[in-house]
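> sequence first, then the predicted structure, then my questions.
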Amino acid sequence: MRPMTRAEVRAAIVNLDPAQKKVHLPTWFDEVHWHRIDYLGWRDLRAPMRVYMVADVDGEAFGVMLRQNPNQAALGSRAVMCDLCRFTRRFNEVSLFTAQRPSKDKRQRLSKLGLHVCTDLDCSVNVHSKPIVGPLDPPAEETIERRRQGLRERTVTFLRSVSDLDRTARRSE
């Protein structure tokens, strides 16, 4: 992912609540290793159930605000798969996050999209983990690159679906 400025990241969030005045960036923003991540994800320390996700979409910063739904105790000890990195983890390590679609129409404000994501937003760490390679498997570097590509594609697809970028682009043509 290409490096981004603080202003660029703040301006990238497309579905902010009207009452929310400012996007609070993480304290570790200046130490981000941009070449090692596929999206920038962080939790708002002032509102722990609020999460932000920003990625590079066609050369532009694009992001959404998500809300974490409380984990259901009924899941017990099941394994749950993250929709972005496609790693299976324990039920308390993957959470349902929902993003409200931006709209000026009051009836459309109830429209939300959700996905299961690693609770600590460490999908990039997961896809960079060294796979166990057998004699007939591709090299580890190839597997890691394929995982990263899949993570990038799924992240961009989700971000586009929240704001409906494709439909907006068609209308402006």
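Structure's in. What do you need? Just so you know, these numbers come straight off a predicted model, no measurement behind them. Residues are numbered from 1 along each chain as shown.

> give the bridge partners for residue 98, please.
On the basis of DSSP bridges, residue 98 is bridged to residue 67, residue 114.

> quick one: low-confidence ranges for the protein?
Applying pLDDT under 70 to the chain picks out residues 18, 71-77, 103-110, 164-173.

> and the closest residue to residue 112 other than its chain neighbours, how many residues sit next to it?
Sequence neighbours aside, residue 98 is the residue nearest to residue 112 in space, at 4.7 Å (criterion: C-beta to C-beta, 6 or more residues apart in numbering). Any C-beta I mention is one placed from the backbone N, CA and C, and that applies to glycine too. Counted with other C-beta atoms under 10 Å, the neighbours of residue 98 add up to 13.

> the spatially most central residue of the chain: helix or strand, and which one exactly?
Centroid check for the chain by C-alpha atoms, centre = their mean gives residue 53 as the closest residue, at 4.4 Å. When elements are assigned from DSSP states H and E, residue 53 belongs to strand 50-57.

> show me what that strand is in contact with.
Contacts with strand 50-57, where a contact means C-beta atoms under 8 Å, 6 or more residues apart in numbering, come from 1-2, 4, 9, 12-13, 23, 38-44, 61-68, 97, 121, 152, 155-156, 159-160, 165.
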